[in-house]
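> sequence plus the predicted model coming up.
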Number of protein chains: 2
Amino acid sequence: MNGNVGEFLKENGIKPSFQRIKIYEFLMNSKEHPTVENIYNALYSQIPTLSKTTVYNTLKIFMEKGIAMAINIDENEVHYDATTYLHGHFKCQRCNHIFDFSISLEDVTDEALENFEIIEQQVFLYGVCPSCKNKS
Amino acid sequence: MNGNVGEFLKENGIKPSFQRIKIYEFLMNSKEHPTVENIYNALYSQIPTLSKTTVYNTLKIFMEKGIAMAINIDENEVHYDATTYLHGHFKCQRCNHIFDFSISLEDVTDEALENFEIIEQQVFLYGVCPSCKNKS
DNA sequence: GTATCTGCAAAACATTTGCAATTCT
DNA sequence: AGAATTGCAAATGTTTTGCAGATAC
């Protein structure tokens, strides 16, 4: 999906409006797991009429269609991610950066869960990242 | 810690007020991972003057002293747990029940994290529990 | 021309804060 | 009395909702 975001949205049943394309492009290219606030601030200069309501609405649609996911790693705000395949998130409690790491489904399931139908999984780790450890 | 909750709070550096004892007892005995609302509603009949502010304050102290933890599995409200050793949480998307399951630290860490200092970990699974699966 | 999409303003809701009253020792 | 605790009322901050205007097909 490196070419046309509009096409990608269509393929996923989403009408590719200007706002939706811009929001998806930003989310896709961001490695920062942006919040609604982050997305709004980043796009405001390009789209001066943008409202946060539209950002909220759009992210909701993306999630319903399975092309984005919410990351509830933060107490206050929800972060969003265009990468929907299984991976873990590490949040540094000093610099607040969120790092991705890989993980497999077998890692997080237990035999006690064999009769449970698992639809989604989230693995969050909290601590201090290497860069912040070196500073102390 | 089956005997005296007041003693347990003292051992953890918390002055055992009536409200604090009642809140900890409720949290400890609950397997439902209650929210602030749940705790408040459950104790209101016993402690008619109780305020939610006190519940918030008390849970904050419990977390600071390491005898309770927040579970951010829900989009809306924070759930609390008196069990602070590592375990995962499964949330049924139909009945909203939260189930515990066991997990080990090696399960959730990746070699890419070897230079990260891990202080806390949360593993959340979402899906359908066996009881709800049978009903469908 | 009708559906959908957008965005403002207000509402909703969980949580936090300021401060005065209460309690405990 | 003095220090900590409690709880009301108001503030805060994120997210949702209602609805009117704009846009797209």
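Sure, I can see it.

> okay, how far is it across stretch A:85-94, tip to tip?
Across stretch A:85-94, the terminal residues are separated by 27 Å (CA to CA, to the nearest Å).

> the nearest residue to A:N72 once chain neighbours are set aside: how many residues sit nearby?
With CB to CB, 6 or more residues apart in numbering or on different chains as the measure, B:N72 is the residue that lies nearest to A:N72, at 5.2 Å, once sequence neighbours are left out. Just so you know, the C-beta spots here come from the backbone N, C-alpha and C atoms, and that holds for glycine as well. Neighbours of B:N72 under the rule other CB atoms under 10 Å in any protein chain shown: 18.

> the helix or strand that contains A:F8 near DNA strand D anywhere?
For A:F8, the host element (DSSP states H and E) is helix A:5-11. No: with CB under 7 Å from any atom of the strand as the measure, helix A:5-11 is seen stopping short of DNA strand D, the closest distance being 9.6 Å.

> so what's A:H33 up against?
A:H33 sits next to A:71, A:79-81, A:89, A:98 when contact means CB atoms under 8 Å, 6 or more residues apart in numbering or on different chains.

> any idea which helix or strand carries it?
Here A:H33 is covered by no helix or strand, with elements defined by DSSP H and E.

> sorry, back to before: separation between the residue nearest to A:N72 and B:N29?
Separation of B:N72 from B:N29 (CB to CB, to the nearest Å): 22 Å.

> next one: A:K31
Relative to B:N29, A:K31 is positioned 44 Å away (criterion: CB to CB).

> one more: A:M63?
36 Å.

> and for A:Q19?
Summarising the geometry, the distance separating A:Q19 from B:N29, computed by CB to CB, is 50 Å.

> who has more neighbours, the two?
Set A:Q19 next to B:N29 and count neighbours by other CB under 10 Å: A:Q19 wins out with 17 against 9.

> wait, isn't the more buried one in contact with A:L50?
Yes: proximity of A:Q19 to A:L50 meets the contact threshold set by CB atoms under 8 Å, at 6.5 Å.
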